[in-house]
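Asker: only the shape, not the letters, is given here:
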């Protein structure tokens, strides 16, 4: 896949060779990148542009550690011809704990799957 990185963006990685998901990171920088308040959300621009192969779709999925330990989730879809930067919206479902996103934190996963595109037929 072809990837373009904005300044301070971090190349997506797989923790293990057979992982389905590519880890997406908050960009490099100083201090706290974003804060997701209790019951709130924060959108983070990863600065990563990936060309999803034709006939495929990319899904932004939650990191299981963020879900289980911090109640922070995300979800999204990237179509094959999208060329913009991948943005991740994190939702904090904790009733009382905020979640600080620091530069370089793993914030989501990108899973790429084949996609069937049947023609539509009006009947």
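Answerer: Sure thing, it's come through. What you are looking at is a predicted structure, and each value in this text was computed from that prediction instead of being measured. Numbers count the residues shown, from 1 in each chain.

Asker: how about the lengthiest strand in the chain: buried residues?
Answerer: When the chain is parsed with DSSP state E, its longest strand is strand 106-114. Residues 106-110, 112 are the ones in strand 106-114 that count as buried (16 or more other CB atoms under 10 Å). To be clear about C-beta, it is placed using only N, CA and C from the backbone, and glycine gets the same treatment.

Asker: kindly report the same for stretch 57-74.
Answerer: Buried, per 16+ other CB under 10 Å, within stretch 57-74: 57-63, 66, 70-74.

Asker: show me these that map onto strands.
Answerer: Among the buried residues of stretch 57-74, DSSP E puts 57-61, 72-73 in strands.

Asker: thinking again about what came up before, check which helices and strands the longest strand of the chain sits against.
Answerer: With contacts taken as 3 or more CB pairs under 8 Å, 6 or more residues apart in numbering; DSSP states H and E, strand 106-114 sits against strand 21-25, strand 56-61, strand 87-92.

Asker: one more time with 6 Å
Answerer: If contacts are counted by 3 or more CB pairs under 6 Å, 6 or more residues apart in numbering; DSSP states H and E, strand 106-114 sits against strand 21-25, strand 56-61.

Asker: strand partners of that strand, parallel vs antiparallel please.
Answerer: Paired with strand 106-114 in the same sheet, following DSSP bridges, are strand 21-25 (antiparallel), strand 56-61 (antiparallel).

Asker: just send the ones you listed back as a markdown table, with mean pLDDT and distance to residue 10 too.
Answerer: Putting the strands paired with strand 106-114 into a markdown table (pLDDT from 0 to 100; distance: least, CB to CB, whole Å) gives the following:
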| stretch | mean pLDDT | distance to residue 10 |
| --- | --- | --- |
| strand 21-25 | 97 | 4 |
| strand 56-61 | 98 | 16 |
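
Asker: and the ones you listed as a markdown table, adding distance to residue 86?
Answerer: Formatted as a markdown table, the strands paired with strand 106-114 follow (distance: least, CB to CB, whole Å):
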| stretch | distance to residue 86 |
| --- | --- |
| strand 21-25 | 7 |
| strand 56-61 | 7 |
